[in-house]
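Undergrad: this is the structure alone, sequence omitted:
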């Protein structure tokens, strides 16, 4: 089973974005105060337990607790902040993103299966 690495500092974000040059990163922006985000988190966990794509790194940013990191990710990736949100990053650039009810284990498998 794959796991999501917590990105709680700008340095963690830097490292993950740099590493996306060698291995794509799926970044999950999660709000611990939102029931819609709780559902998306459930879907992420289901995806990670079922059959995650192995050549992808998985990261999570807690948008309330680590707001500066969340804001920095939105700015660097040039993706409007939403929560919950997933962003696929390759070579330090966002190549796909979706949010809210569109975050499902099936959708993640479909999108990441194209890598």
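TA: Structure received. Since we're looking at a predicted model, the values are computed, not measured.
Undergrad: who's in contact with the closest residue to residue 101 other than its chain neighbours?
TA: Counting by CB to CB, 6 or more residues apart in numbering, residue 101 lies nearest to residue 36, which is 7.2 Å off, once chain neighbours are set aside. C-betas here are computed from N, CA, C, even on glycine. By CB atoms under 8 Å, 6 or more residues apart in numbering, the contact list for residue 36 reads 84, 100-101.
Undergrad: can I get those in TSV including secondary structure?
TA: As requested, the contacts of residue 36 are exported to TSV (DSSP: H, G, I helix; E, B strand; the rest coil):
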residue	secondary structure
84	coil
100	helix
101	helix
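Undergrad: neighbours of the spatially closest residue to residue 55 that is not a sequence neighbour, how many?
TA: Distances taken as CB to CB, 6+ apart put residue 23 closest to residue 55, at 6.1 Å, once the chain neighbours are dropped. Applying other CB atoms under 10 Å, we find 13 residues neighbouring residue 23.
Undergrad: quick check: residue 16 touching residue 9?
TA: No: look at residue 16 against residue 9 with CB atoms under 8 Å: they stay out of range, at 10.7 Å.
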